[in-house]
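A.B. asks: Next input, structure requested:
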Amino acid sequence: MKKESISNLSTNLTNLSNKPNFFPLSLNDLVFGIDLGTTYSCIGIMRNNNVDIVPNNLTDGRKVIPSIVCYKEDLDEDMKDRWLYGNAAKNNMLEYPESTMFESKRLIGLNFNNKEVQRDIKLWPVKIIEDKITKKPQYVIKVENKEKKFFPEDVSSMILKYLTKNAQDYTNSKINKVVITVPAHFNNFQREATIKAAELAGLEVIKIINEPTAAAIAYANIILSKNEKKILIFDIGGGTFDVSILKIKNNEYYVLSSCGESHLGGEDFNQRLINYVMKEIKKYQNLKILILIIKMIKI
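C.D. replies: Numbering: from 1, shown residues only. Next up, the predicted model:
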């Protein structure tokens with residue numbers, strides 16, 4: 001039975017929200033929580049005993065952003081930067097499929113020859129190669145007509161920078177420290193790579209928390225009780241599916257059992273639907289199925 005040492009963290013975050021102006025006197029003590037997801041990401045902070053998810057002020061105010069980075073070759077008149085993030089990047093995926101980097105969470109901390117990595121990159125329009133030194137996968141896109149390589153940590157750090165920039169504008173404060181959630185089945189290499197991505201974004205990770213445990217914290221804060229509870233948590237995301245059984249007692253969390261599947265999320269459901277539709281079309285029309293899959297993969 002594994003004890004999650006997050007009770008003090010939960011208490012400290014709650015104490016921050018009890019201050020009259022919500023922010024502590026020393027902004028260095030301000031801690032944000034980040035859900036760095038396969039398909040969508042968000043950032044939040046405790047406020048008035050509730051988690052306040054930071055809206056994306058730079059576009060439409062949505063509280064989650066696609067975990068996508070795109071380099072746009074053609075600069076529009078109203079654009080200041082060719083690099084696009086979140087919704088803006090997603091909106092340009094079909095126009096610039098080979099310059100769009102996404103789902104870095106499925107590559108981070110893994111070797112290029114990993115079976116799941118090989119299965120994924122066959123379906124992606126962006127070029128993925130093996131770094132000869134680290135044996136890790138790298139995105140290859142054209143930047144200013146030159147090929148440039150990015151590790152998954154680089155892409156994740158761009159998303160983290162974008163999130164923290166929005167949060168800094170929203171709270172009018174400097175963000176230094178963060179808590180990041182990861183799937184329960186993430187191994188040590190994947191967790192260390194996630195921390196490296198945060199460091200590249202100029203952030204200090206004070207805690208990595210399993211996503212089901214984070215859900216348990218939210219549940220415990222809503223249902224306040226000193227009695228012992230055992231809860232079953234289903235965490236279905238855009239790319240992963242985790243199931244955990246936790247025991248909660250006196251604001252402490254014990255993981256009794258946990259398991260997960262890295263390819264049983266929303267994107268996998270979409271891919272299976274696409275594959276089914278392609279098979280049905282193939283029965284009646286002589287089409288180039290693989291080309292259609294590439295065009296439809298990110299509908």
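
A.B. asks: This protein: helices as residue ranges?
C.D. replies: Secondary structure of the chain (DSSP state H): helices at 7-17, 87-91, 115-121, 152-171, 188-200, 211-222, 266-284, 289-296.

A.B. asks: Of all those helices, which one comes closest to Cys42?
C.D. replies: helix 152-171 (7.4 Å; C-beta to C-beta). No exception for glycine: its C-beta is placed from N, CA and C like everyone else's.

A.B. asks: How far away from the center of its chain is that closest one?
C.D. replies: On the basis of C-alpha atoms, centre = their mean, to the nearest Å, helix 152-171 sits 11 Å off its chain's mean C-alpha point.

A.B. asks: how far off helix 188-200 does it point, in degrees?
C.D. replies: Using axes from the mean of the first three to the mean of the last three C-alpha atoms, to 10 degrees, one finds that helix 152-171 and helix 188-200 are set 50 degrees apart in direction.

A.B. asks: And helix 152-171, what does it pack against?
C.D. replies: strand 31-36, strand 40-47, strand 65-66, strand 68-71, strand 83-85, strand 137-143, helix 188-200 (3 or more C-beta pairs under 8 Å, 6 or more residues apart in numbering; DSSP states H and E).

A.B. asks: Which residue comes closest to Ser244 once chain neighbours are left out?
C.D. replies: Leaving aside its sequence neighbours, Ser244 sits nearest to Pro212 (C-beta to C-beta, 6 or more residues apart in numbering; 3.7 Å).

A.B. asks: what about the stretch 101-250 of the chain, any weak spots by pLDDT?
C.D. replies: Low-confidence segments of the stretch 101-250 of the chain (pLDDT under 70): 220-225.

A.B. asks: So which bits of stretch 165-182 are buried?
C.D. replies: Across stretch 165-182, burial judged by 16 or more other C-beta atoms under 10 Å covers 166-167, 171, 173, 175-176, 178-182.
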